[in-house]
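Asker: Quick one: sequence and predicted model below, then my questions.
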Amino acid sequence: MRRWATEITVVLLLLVGGSGPLGAQGRLTLPGIPNPGVASYAPEIGKYGGTYVISQISDPRTFNPIVVQDTASGAVTGAIFESLVDQDYITGEIVPGLAESWTISQDGRTWTFTLREGLTWADGKPLTTEDVAFSAKAIFTEGVDTSAADLLTFQDQPVRWRVLDRRRIQFITPRAICPVGLFLRLVGAIDVVPKHLLEGVLAKGGADFTKTWGINVTPRELVGSGPFVLQSYVPGQRVTLLRQSKWWQVDKKGQRLPYLTRYVIQIVPNVEQARLKFLAGETDFYAARPREYAELKAQEQRGNFTVYDGPEGFGSEFLVLNQNPAGVGGGGMTPAQLSWFQDVRFRRALNHAIDRNTVAQQVYAGRATAAWSPVSIGNKLYFNDKVTQYPYNLERAQQLLAEAGYRRGTDGVLRDPQGNVVEFTIATNAGNTDR
């Protein structure tokens, strides 16, 4: 079996394909599921069996998809749980997921989603709109540690929902969301979890729900609707997932997916170890760093792998300055640092002090684009090239700092208006040498 090296991490694409657009489904059926999702961009009809092995540089922190806020946990829960909609990882378009279709009211505020007929959880229980509504409720329950609530709050008002019947649910926003596709991406933040298993936990409060399905959960207790179920997790070593036999997607011949029997995520200490494991044939996928592209491309035939040079990814590298007063003291930040980070002139000066083009050339071997917002140039629907830019300009950076009262002493050290030495620590995840 040929292995894959790519600059874009698209794990589920390689494992299971993805549903086609509206109108392209419905010609194939499964027992009890008259309208399964059809994998529209799988390159060929596959064979059942086999194990697919990848690696990542961090252990998961939770298996509760509602509270996941890190990529290591998301890599696992993304194979177990699903949302109403999915994303075509080739085109970036939103496509049907658990919902086979949706409509929008004339005023652009009411969205009606219709679930596929016959959906079930991995334990065989029916998956209905009651589960969708419960998952939305969990997101907005006080004490549940989730970022999804912010995504689904508009003008300080949370999205509302109402169940119409077992297959239809409506979401109502306080205003029309423009562009229209934006709401579909936001509603995709609702990972649907089983009400019949978690309703009692949520009733105890948000804190209890946040702790539920932690990394010590018994695999059989973790019930999703996605293509895989958890078999085992060995901290610092691996996560092993098994094929879920009740999944609702099929290939173009109507064969139920996924083909794979087992999906393994190895835990490695750093990106270099991930690379070495791939080159040694111990893993089947490696998200190559841009500077490695030419080297790996030259080794394709000898190494029995294929390098895919994908389009611009949707991700970005960014620097965040902590402006939360709660970070002072116990959070490791000083009052002086908080005042710097909250000063827009200080932040603009830092922007001008970062040479993005040099970073793109030297760190990413020219295979990166300078970014001026969190939205990647690869996101054609939402990328805006009219945002304010801060080109590399040390003189402008020094001017902004001077205007804000910062001064460089005869010792060459920069001090703030109160005489504090300007210094702070930048932290990133371990093992990522590019960062």
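Answerer: Cool, got the structure.

Asker: check contacts around Gly366.
Answerer: For Gly366, the contact set (C-beta atoms under 8 Å, 6 or more residues apart in numbering) comprises Pro290, Ala360. C-betas here are computed from N, CA, C, even on glycine.

Asker: Next secondary structure after the helix or strand bottoming out on mean pLDDT in the chain?
Answerer: Of all helical and strand segments in the chain, the minimum by mean pLDDT, DSSP states H and E falls on helix 11-16, at a mean of 32. Going down the chain from helix 11-16, the next helix or strand is strand 37-38, by DSSP states H and E.

Asker: start to end distance for stretch 372-388?
Answerer: In stretch 372-388, first residue to last residue: 7 Å (C-alpha to C-alpha, to the nearest Å).

Asker: Name the residues of it that come out as buried.
Answerer: Residues Trp372, Ser376, Ile377, Gly378, Asn379 are the ones in stretch 372-388 that count as buried (16 or more other C-beta atoms under 10 Å).

Asker: Could I get those in a markdown table, plus columns for secondary structure?
Answerer: Below are the buried residues of stretch 372-388 laid out as a markdown table (DSSP: H, G, I helix; E, B strand; the rest coil):
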| residue | secondary structure |
| --- | --- |
| Trp372 | coil |
| Ser376 | coil |
| Ile377 | coil |
| Gly378 | coil |
| Asn379 | coil |
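
Asker: May I see these organised as TSV, with distance to Tyr286 and pLDDT added?
Answerer: Shown next, in TSV, are these (distance: C-beta to C-beta, whole Å; pLDDT from 0 to 100):
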residue	distance to Tyr286	pLDDT
Trp372	30	90
Ser376	21	84
Ile377	24	85
Gly378	20	79
Asn379	24	76
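
Asker: Among the residues you listed, which one lies nearest to Lys125?
Answerer: Of all these, Lys125 sits closest to Asn379, with 36.8 Å by C-beta to C-beta.

Asker: What mean pLDDT does whichever strand or helix holds Ala133 get?
Answerer: Element membership for Ala133, per DSSP H and E: helix 129-139. Averaging pLDDT along helix 129-139 yields 98.

Asker: For that helix, give me every contacting residue.
Answerer: Contacts for helix 129-139 (C-beta under 8 Å, 6+ apart): 66, 84, 98, 113, 115, 144, 146, 148-149, 152, 159, 161-169, 190-195, 198-199, 202, 209.

Asker: one more time with 6 Å, if that's ok
Answerer: With contact meaning C-beta atoms under 6 Å, 6 or more residues apart in numbering, helix 129-139 is reached by 66, 144, 146, 148-149, 161, 163, 169, 190, 192-195, 202.

Asker: For the very next helix or strand once past that helix, the averaged confidence score.
Answerer: Toward the C-terminus, helix 129-139 is succeeded by helix 148-151 as the next helix or strand (DSSP H and E). If you average the pLDDT over helix 148-151, you get 93.

Asker: what about the helix holding Ala133, distance to the chain center?
Answerer: 20 Å (C-alpha atoms, centre = their mean, to the nearest Å).

Asker: my hunch is that Val229 is in a helix, does that hold up?
Answerer: No: counting by three-state DSSP, Val229 is not part of a helix but strand.
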